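J.: What shape does this take:
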Amino acid sequence: MVFLAFGAAALLTGLDAALTLLRVPAPVAVTTVPDLPATHGELMTLGFVGTLIALERAVALRRAWGYAAPALLVLGSLAELAPWAAPAGRAAVLTGAVVFVVVYVPLWRRQRDPAVLVQALGAVAAACAAGLLAGGVPTDPVVPWLAAFMLLTIGGERLELARLRIRGNWPEPLLVAVSASLLVACAATLLWPAVGYPILGAAILALAVWLLRYDIARATLRSTGLPRFVAACLLTGYAWLVVASGVYLLVPGAPEGAAYDAALHAVFVGFVMSMIMAHAPVILPAVLRRPLPYSRAMWIPAALLHATLLVRLAVGDARGSSLGWQIGGVGNVVAVLAFLAVALVSGLRRRA
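T.: Okay, here's the model as predicted:
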């Protein structure tokens, strides 16, 4: 609960930073925390999602030292809000990411499984991202590494369930190869952006196609209750990956302006946030040992998330409408907060 409380603090701070970037009123103004907008991406990825993933892996490891990874990730991310503590915060995040990679060593020894290997490659991407940020590299060139962290972690998680549909021996090595190509693409975006970003787009597209082809969500979509909700969130998230890959494939070089915004939020909002909504009723009970029952009200924030993201990309980015961009962005924030509220109410009712 303590780790999740700090993770929630990183999430709320990141959402506040998102509002400041959208140029709309926010609970905490930029004048209060000048570095708030610059830390938005790191707070949402390494500070929030990274903490949740590292916490889940620490629970699976069942060793006390594994909890150093989520602790350092979230505390370091929050420390970066203070200019005087920013260098120490970046160093803490980097240390936490390295510990996170080390966590996968005993997990791999315990179960030499391609799913663990794919997730471990995601942890390596997180460590590379943290190292680049600690070295003073701006956030924009680091985005592919942060995206790879999310994509590979979730891809490895879904592989475990995809085995219910996989026929033959080649789909699993294929996913490992796609995962490795994603890391190669990340390195290429730093060295040769004109070549690296199309490779990145192709790797993301290959991962999306693999997930759409083999994930059990295609079958459970015809179910009811929680399985259907999870399937809908997953498949919609995979569709947003196709959108992001299209931007990287069609826009020459490193995306800028509206193209950058579209690719970034197609991955981190359309895919990652949708995955969090899908997995929360399953992962959080495993971590907290407390039930989080499914509620039909969860469909409302999930639908709002994708509808407002569509407004942001189709009206705001594609048509250059500042109003559409702001409405879509604020709608994304409201959707995430609404899902947190629904999950909290659902959990409290179950305890009562």
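
J.: which parts of the lowest-mean-pLDDT helix or strand in the chain are buried?
T.: Every helix and strand of the chain was ranked by mean pLDDT, DSSP states H and E. The lowest is helix 274-288, at a mean of 83. Going by neighbour count (16 or more other C-beta atoms under 10 Å), the buried part of helix 274-288 is 274-281, 283-284, 287. For glycine as for every other residue, the C-beta is placed from the backbone atoms N, C-alpha and C.

J.: and what of stretch 218-237?
T.: Residues of stretch 218-237 classed as buried by neighbour count (16+ other C-beta under 10 Å): 220, 226-237.

J.: same deal with stretch 243-255?
T.: 243-248, 251, 254-255.

J.: Tabulate these (JSON lines), appending distance to Leu117 and pLDDT.
T.: Listed next are the buried residues of stretch 243-255 as JSON lines, based on distance: C-beta to C-beta, whole Å; pLDDT from 0 to 100:
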{"residue": "Val243", "distance to Leu117": "28", "pLDDT": "97"}
{"residue": "Ala244", "distance to Leu117": "24", "pLDDT": "97"}
{"residue": "Ser245", "distance to Leu117": "23", "pLDDT": "97"}
{"residue": "Gly246", "distance to Leu117": "28", "pLDDT": "96"}
{"residue": "Val247", "distance to Leu117": "28", "pLDDT": "96"}
{"residue": "Tyr248", "distance to Leu117": "25", "pLDDT": "96"}
{"residue": "Val251", "distance to Leu117": "31", "pLDDT": "93"}
{"residue": "Ala254", "distance to Leu117": "29", "pLDDT": "91"}
{"residue": "Pro255", "distance to Leu117": "30", "pLDDT": "93"}
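
J.: Going by distance to Asn169, which of the residues you listed wins?
T.: Ser245 (26.6 Å; C-beta to C-beta).

J.: thinking again about what came up before, which one of the buried residues of helix 274-288 is nearest to Arg90?
T.: Lowest distance from Arg90 to the buried residues of helix 274-288 (C-beta to C-beta) belongs to Ile276, with 24.6 Å.

J.: Excluding chain neighbours, what is closest to the closest one?
T.: Counting by C-beta to C-beta, 6 or more residues apart in numbering, Val49 is the residue found nearest to Ile276 once chain neighbours are left out, at 7.1 Å.

J.: tell me the secondary structure for that neighbour?
T.: Per DSSP: H, G, I helix; E, B strand; the rest coil, the secondary structure class of Val49 is helix.

J.: and it, what is it in contact with?
T.: Contact analysis of Val49 by C-beta atoms under 8 Å, 6 or more residues apart in numbering lists 150, 272, 276.

J.: and the gap between the residue most central in space within the chain and Leu241?
T.: Closest to where the C-alpha atoms of the chain average out (C-alpha atoms, centre = their mean) is Val272, at 4.0 Å. The spacing between Val272 and Leu241, counted by C-beta to C-beta, to the nearest Å, is 10 Å.

J.: that older thread, would you mind writing the CA trace of the least confident helix or strand of the chain as PDB?
T.: The C-alpha atoms that make up helix 274-288 are tabulated as PDB, following Å, rounded to 0.1, in the frame of the first residue of the first chain:
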ATOM      1  CA  SER A 274      -5.700   0.900 -21.700                       C
ATOM      2  CA  MET A 275      -3.500  -2.000 -20.600                       C
ATOM      3  CA  ILE A 276      -3.500  -0.600 -17.100                       C
ATOM      4  CA  MET A 277      -7.300  -0.500 -17.000                       C
ATOM      5  CA  ALA A 278      -7.500  -4.000 -18.400                       C
ATOM      6  CA  HIS A 279      -5.000  -5.500 -16.000                       C
ATOM      7  CA  ALA A 280      -5.800  -3.600 -12.800                       C
ATOM      8  CA  PRO A 281      -8.600  -6.000 -11.600                       C
ATOM      9  CA  VAL A 282      -6.200  -8.900 -12.000                       C
ATOM     10  CA  ILE A 283      -2.700  -7.500 -11.100                       C
ATOM     11  CA  LEU A 284      -3.600  -5.300  -8.100                       C
ATOM     12  CA  PRO A 285      -5.300  -8.100  -6.100                       C
ATOM     13  CA  ALA A 286      -2.200 -10.300  -6.700                       C
ATOM     14  CA  VAL A 287       0.000  -7.500  -5.400                       C
ATOM     15  CA  LEU A 288      -2.100  -6.300  -2.500                       C
END
